[in-house]
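Undergrad: When you get a sec, could you give me coordinates for this:
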Amino acid sequence: MGGVFCPKCESSVEATAKFCLGCGHDFTTEGAITSTGHDLNQLKEVIRQREDLSMAEKFDMIAKVEEGANPITLGIAAAAVGEEDFEEESDSKKSNIFEEFYSFGESEAAKHAVRAVTRPTPAWGLLDSGKLNLGQKMYREAMSVGLDASTQIHTVASGEHDDIDAEAMRAIPVLKPPTRSFCPKCGSDIHANTLMQWRKWRDLSNEVLSIQLEASMEASIIQVAAHFVSEVETLEKKLKQLKKDHRAAKKKLDKLDVEELRKSIEEEIRPELEKEIRAELGIEAKSAAKGRSAAGTSKAKTGASKGRASSATKSKAVG
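TA: Now for the predicted structure:
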């Protein structure tokens, strides 16, 4: 538990607030309290009166108390009976910043942003019809993997790059704090006091970043999933049409009469076949006639030549 609280309604308040926004309690009469129940104004006064601390250390300790540090472990407050056990138990149950301040996948702001950018795209129709359901486990797991990748980048940027390829992460700037500087008059740590103001907004900044990550990953997954869902729907339609055509063809084939089909084919091709056969027979008949006439002519020529030869022989014998 971090920060300070109103002693009346116990709502979380700013350490510099003058009154509670929840119940209107005036902190000038009774200051805010820490998670251990100690008065914040009294703790600040105790810290200011300590002579063993420098001005910078006093400012740093006050900042820690305002951020919710345990004043008992800091050594500026006494513990009530059994309070140590309670604090140990609460410390053991602390979780990381994302688990404590943000429930990934349940942000209404992220859902609204996704709807705003998705509505003009074809993916909105799939979401609206329920064909694309982001509540499925695989979508949640995919976005969790994306969040892990983002956390890894943040870890590298913070300078904690154990078990990470330094070459691959060389392009990531390391977010190192500047060199500490102190006020020359009072000795207070200027850097620490500046960071104190920033730390008050750190948790909210992490939540905004988480919402941005969720919205961006969800919108990206919707577009990719919508593309493949559309492709699958197109293939399913084609498959359905092919099955329909197959059933119709099979039904038509079952009703087919083979004998009737044979007669129909015979009626169509018989005239053409007869025509071709007659043409072939006519060509063969002409060839045979030509052959016979050629043979008769050659026989006649042979007989005439034999007659001339015998006549010549007889005339020679008479002479």
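
Undergrad: OK, contacts around V117?
TA: A219 (C-beta atoms under 8 Å, 6 or more residues apart in numbering). Just so you know, the C-beta spots here come from the backbone N, C-alpha and C atoms, and that holds for glycine as well.

Undergrad: Let the chain start at 36 from now.
TA: With 36 as the first residue, the last one maps to V152.

Undergrad: Now name the helix or strand holding it.
TA: Applying DSSP states H and E as the criterion places V152 in helix 143-153.

Undergrad: Show me which parts of that helix are buried, residue by residue.
TA: A145, K146, A148, V149, V152, T153 (16 or more other C-beta atoms under 10 Å).

Undergrad: same question, stretch 166-184
TA: In stretch 166-184, residues buried by neighbour count (16+ other C-beta under 10 Å) are L167, L169, Y174, A177, M178, G181, L182.

Undergrad: tell me the mean pLDDT for that stretch?
TA: Taken as a whole, stretch 166-184 carries a mean pLDDT of 78.

Undergrad: Same check on stretch 103-119?
TA: For stretch 103-119, the mean per-residue pLDDT is 66.

Undergrad: and if you look at stretch 243-255?
TA: In this model, stretch 243-255 has an average pLDDT of 79.

Undergrad: quick one: T186 from I257, how far?
TA: Distance check for T186 against I257: by C-beta to C-beta, to the nearest Å, it reads 22 Å.

Undergrad: Neighbour count: those two, which is higher?
TA: Between T186 and I257, I257 has the larger neighbour count (other C-beta atoms under 10 Å), namely 23 against 14.

Undergrad: all helices for the chain, in order.
TA: 75-84, 90-101, 118-127, 132-136, 143-153, 158-164, 172-192, 225-234, 237-289, 293-353 (DSSP state H).

Undergrad: need the buried residues of stretch 166-184 in JSON lines with distance to T64, can you?
TA: Output for the buried residues of stretch 166-184, formatted as JSON lines (distance: C-beta to C-beta, whole Å):
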{"residue": "L167", "distance to T64": "57"}
{"residue": "L169", "distance to T64": "51"}
{"residue": "Y174", "distance to T64": "53"}
{"residue": "A177", "distance to T64": "54"}
{"residue": "M178", "distance to T64": "48"}
{"residue": "G181", "distance to T64": "50"}
{"residue": "L182", "distance to T64": "45"}
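
Undergrad: wait, which of these is closest to D95?
TA: L182 (32.9 Å; C-beta to C-beta).

Undergrad: where does this structure have low pLDDT?
TA: By pLDDT under 70, the low-scoring segments of the chain are 36-37, 113-141, 189-241, 324, 326-354.
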